[in-house]
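S.K.: Here is a sequence together with a model predicted from it:
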Amino acid sequence: MNATVAAMAELCCERNETMRACRSCGGQTLDLFLSQQAEKALRNGTIVPARDPGDFLETAARFTAERLGERAGEEVKKALGLKALCSADHLGALFCSQSFQGDLLFAELLQKLHTKTRYVPVFCGGQVELENSTYARGISAYQSGDEKQLFPIFPAKHSVQMASCSDAIGPDMLARFRKMAAEKTDNPVLLGALEQLGPGLYGNEELQSYARFSDQVTLAGEKLSHELFEGESGPVFVYLEAEELVRPLLIEELRDEASLISRMLDEAELREKLTRTKTPDGASLSDLLFKGADEKGRKIALTLTPDGDLSGTDWHHERVTYSCRRSVLLPLLEERKVLPGVFTNALITFFERGLTWFGGPFQSVYLPGWQRSFVQFLRECGMDETAELFGAYDCSGYISGPMFALFRGRDFAATAGPVEFFLTRPPYERIRSLIQETTLWDAHIIGLSEMYFDLVLRNEREENWYRLIAEELYRWDPKYMLELSSF
C-alpha cells in the first residue's frame, strides 16, 4: 500500500476506537463480521425489555403502509420483529456511498437473522442538516478521482436546515438542479443518470403529492431500490424517519406520569442528577433529550434545566425557553418545533424496547458511552433494576463504515454509491460474493475516503488526499470494480 495512504489509515485508527478494533481483527471476512454483529442482536433479544416493542412495530408498519402500501407495511413489521435496527443513516442521504453500502451490509445481517423478506427498514435520523457530509441536500456521485461530486437539489439557503423540517422537493428545485448539473459535468453518461435520479425520480407524480421531504424520501428510496441491481433480486430499502416513528411513542410516555421519561422531566431530583451526570465527551445527559427547530427548520440545542425548562440559544443568539409542562411540550412535539434527541430515540427504541442499534463508527463509540453514563444516573436515582436491565444490552453494533464495491474510472477508483450502481446494475449475487470474500480491514481501506473526511480536520489532511486514495484503490483487485466500458 502507498505509504501516505497507510499513514492516513493509521491516523484514522488513532482517532476512532471502532476503526482500531476493526484493524486488530482485520483479516476476517465481512461475512464473519456480519455474523458477529448478528449475534449481538440475538443476545440482546434474549433480554426481556422494559416495554413491549409491539407499539413501535405497529407505528413503523402504519408509517410504511401509508406511503408504500399494506404489503410493504407488513414486511417492514416482520423485519423489525427481528429486533435489529439500522440506525446509521441520515434522512435523505440516499446517494451517500458509505450509507448505501452499510445498508447493503445490514440487509445481509438480516439474512443471518433468517428474515424471509426483501424489505429492509432503515431508521434515519432527520435532525441532521441537509449539508451534512452524507449530503441529503442533493445527489452524490463518485466518478472523479479528485473529489466526491455533489449536485445540489435544495438551494444553498436550505443547507443548515434539518431534514425533518424540510419542505418537499418541488418542480422549481428540479428545474434548477437540471441546469446546475449540466454546468457541473460534461460527462453525458453521468448527466443522463442525474436526469433520471433527479427530475425523473423526485418529479414522479406521487412524490410531488407530498408536502414534506421526509415523506418523499421513503417513496424515493423504495423506487430507487428497484433500479440498482440486475433483475429483481436486491433488497428494497424502506427509509423511515426516526423522529416521526418515536414521536407518537414519546407522546404516550409523556402522558404517563409514571414513565421514565416523564419522571426525568418532572422530578427536580432527577433533573439535577441528569445535569450532573456527564457523558464521556463532557456533555450532560440533560443536553441530549431534545432538539428544537426555529422558524426556518434550523437546529437549536436544548438543555433540560434543573428548573424544568428546555432552554437553548437560537441562530440569532436569542434565548429560547420552553416549559416541560405537558400543555406546552406536547403541542411543540406535534408541530415538530421540538424533536426527540438521538439519545431519546435510543431510550425509546433500544433501552426500553430492546431493538439493537447498528450504526456507524461514531455511534458504536458514543452509544456505549451514553449507556454507561445513563446506568450511573439510574443507580444514583435508586433505580437499580432498570439500571441492570439497560446495562445488559450490547450497544456496540456497527454496520456503516466498511465498504466492498468501487467504481473504476480511467485512472482512479472510488467508492460506489447508488449513482454508480444505477449505471452498472450488477447482479446482487456479485455483491453477496464480495461480502463473503472481502476482509474487514480491506473494507475499511476501500471506505477510507469517507472515514478520513469525517475523522481528520481540513487543516490536518494530506494534500490531494482524495486523489491519493483513489489512485491506490485503482490498483486493487478488479473484482471490486463496477465499470462502464464506455466511460
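M.R.: Everything's here; your move. Numbering: from 1, shown residues only.
S.K.: for the stretch 151-300 of the chain, which spans come out with low pLDDT?
M.R.: Nowhere does the stretch 151-300 of the chain drop to pLDDT under 70.
S.K.: now the helices: where do they sit in the stretch 151-300 of the chain?
M.R.: Taking DSSP state H, counting those that start in this stretch, the helices of the stretch 151-300 of the chain run over residues 171-184, 188-197, 199-202, 205-208, 213-225, 242-255, 260-266, 268-276.
S.K.: and the residue positioned nearest the centre of the chain, how far is that from Leu455?
M.R.: The structure's the chain has its C-alpha centroid closest to Asp89; by Cα atoms, centre = their mean the separation is 1.3 Å. Asp89 is 19 Å from Leu455, where distance means Cβ to Cβ, to the nearest Å. From N, CA and C alone the C-beta is placed, and that goes for glycine too.
S.K.: Buried residues in stretch 278-288, which are they?
M.R.: For stretch 278-288, a neighbour-count test (16 or more other Cβ atoms under 10 Å) marks 279, 283-288 as buried.
S.K.: likewise stretch 1-14?
M.R.: 5, 8-9, 11-13.
S.K.: do the same with stretch 440-458
M.R.: 440-452, 454-456.
S.K.: follow-up on the earlier one: leaving out the residues flanking it, which one is nearest to the residue nearest to the centre of the chain?
M.R.: Cys124 (4.5 Å; Cβ to Cβ, 6 or more residues apart in numbering).
S.K.: go on, Phe106?
M.R.: Closest residue in space to Phe106, ignoring its immediate chain neighbours: Cys86 at 4.2 Å, by Cβ to Cβ, 6+ apart.
S.K.: what about that neighbour, neighbour count?
M.R.: By other Cβ atoms under 10 Å, the residues close to Cys86 number 28.
S.K.: Which member of the buried residues of stretch 1-14 is positioned nearest Glu70?
M.R.: Within the buried residues of stretch 1-14, the smallest distance to Glu70 is 44.5 Å, found for Cys12 (Cβ to Cβ).
S.K.: ok, that closest one - contacts?
M.R.: 19, 448, 451-452, 455-456 (Cβ atoms under 8 Å, 6 or more residues apart in numbering).
S.K.: Surely Thr275 is in contact with Leu304?
M.R.: Yes. Applying Cβ atoms under 8 Å as the test, Thr275 and Leu304 come out as touching, 7.5 Å apart.
S.K.: what residues are shared contacts of these two?
M.R.: With Cβ under 8 Å, 6+ apart, Thr275 and Leu304 have common neighbours Ser286.
S.K.: Please identify which of these two sits among more neighbours.
M.R.: Using other Cβ under 10 Å as the criterion, Thr275 and Leu304 rank with Leu304 on top: 23 against 16.
S.K.: elements contacting the helix or strand hosting Phe123?
M.R.: Using DSSP states H and E, Phe123 sits in strand 119-124. Secondary-structure packing of strand 119-124 (3 or more Cβ pairs under 8 Å, 6 or more residues apart in numbering; DSSP states H and E): helix 70-80, strand 84-86, helix 97-112, strand 236-241, helix 242-255.
S.K.: swap the cut-off to 7 Å and go again
M.R.: If you count contacts as 3 or more Cβ pairs under 7 Å, 6 or more residues apart in numbering; DSSP states H and E, strand 119-124 packs onto helix 70-80, strand 84-86, helix 97-112, strand 236-241.
S.K.: Is Leu250 in contact with Leu347, as I believe?
M.R.: No. Using Cβ atoms under 7 Å, Leu250 makes no contact with Leu347, being 9.1 Å away.
S.K.: what sits in contact with each of those two?
M.R.: Counting by Cβ atoms under 7 Å, 6 or more residues apart in numbering, the shared contacts of Leu250 and Leu347 are Ile261.
S.K.: surely Asp89 meets Pro121?
M.R.: No. With contact defined as Cβ under 7 Å, Asp89 does not reach Pro121; the gap is 10.7 Å.
S.K.: re the thing from before, now tabulate the contacts of Cys12 in JSON lines and tack on secondary structure.
M.R.: Formatted as JSON lines, these follow (DSSP: H, G, I helix; E, B strand; the rest coil):
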{"residue": "Met19", "secondary structure": "helix"}
{"residue": "Leu448", "secondary structure": "helix"}
{"residue": "Met451", "secondary structure": "helix"}
{"residue": "Tyr452", "secondary structure": "helix"}
{"residue": "Leu455", "secondary structure": "helix"}
{"residue": "Val456", "secondary structure": "coil"}
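S.K.: Among the residues you listed, which one lies nearest to Lys299?
M.R.: Nearest to Lys299, judged by Cβ to Cβ, of the contacts of Cys12 is Leu455 at 22.3 Å.
S.K.: That closest one: what's it in contact with?
M.R.: Leu455 neighbours (Cβ under 7 Å, 6+ apart): 12, 15-16.
S.K.: wait, what's in contact with Leu240?
M.R.: Counted by Cβ under 7 Å, 6+ apart, Leu240 has contacts 60, 63, 121-124, 218.
S.K.: Report the beta-bridge partners for it.
M.R.: Taking DSSP bridges as the rule, Leu240 bridges to Phe123.
S.K.: Quick one: neighbours of the closest residue to Tyr239 other than its chain neighbours, just the number.
M.R.: Excluding the flanking residues, the one nearest Tyr239 by Cβ to Cβ, 6+ apart is Gly221, at 4.2 Å. Using other Cβ under 10 Å, Gly221 has 24 neighbouring residues.
S.K.: The one 10 residues further on too?
M.R.: Counted by other Cβ under 10 Å, the residues lying close to Gly231 total 9.
S.K.: before we move on, what about Arg430?
M.R.: For Arg430, the count of nearby residues is 14 (other Cβ under 10 Å).
S.K.: Who are the packing partners of the helix or strand hosting it?
M.R.: Assigned by DSSP H and E, Arg430 belongs to helix 428-437. Contacts defined by 3+ Cβ pairs under 7 Å, 6+ apart place helix 428-437 against helix 30-45, helix 97-112.
S.K.: bridging residues for Tyr119?
M.R.: Here Tyr119 sits in beta bridges with Val236, going by DSSP bridges.
S.K.: wouldn't it be in contact with Val76 here?
M.R.: Yes. With contact defined as Cβ under 7 Å, Tyr119 counts as touching Val76 (5.5 Å).
S.K.: re earlier: report the buried residues of the helix holding Arg430.
M.R.: Residues of helix 428-437 classed as buried by neighbour count (16+ other Cβ under 10 Å): 428, 431-432, 434-435.
S.K.: contacting residues for Asn345?
M.R.: Counting by Cβ under 7 Å, 6+ apart, Asn345 makes contact with 242, 246.
S.K.: measure it to Gly447 for me?
M.R.: 25 Å.
S.K.: still on that earlier bit, hmm, who's touching the helix holding Arg430?
M.R.: 29-31, 104-105, 108, 229, 233-234, 404-405, 479-480.
S.K.: Render the CA-only coordinates of that helix in PDB, please.
M.R.: Only the C-alpha atoms of helix 428-437 are listed here, as PDB (Å, rounded to 0.1, in the frame of the first residue of the first chain):
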ATOM      1  CA  TYR A 428     -27.000  -8.900  -6.500                       C
ATOM      2  CA  GLU A 429     -25.100 -12.200  -6.200                       C
ATOM      3  CA  ARG A 430     -21.900 -10.400  -7.000                       C
ATOM      4  CA  ILE A 431     -22.500  -8.100  -4.000                       C
ATOM      5  CA  ARG A 432     -23.100 -11.100  -1.800                       C
ATOM      6  CA  SER A 433     -19.900 -12.700  -3.100                       C
ATOM      7  CA  LEU A 434     -17.900  -9.600  -2.300                       C
ATOM      8  CA  ILE A 435     -19.200  -9.500   1.200                       C
ATOM      9  CA  GLN A 436     -18.200 -13.100   1.600                       C
ATOM     10  CA  GLU A 437     -14.600 -12.600   0.300                       C
END
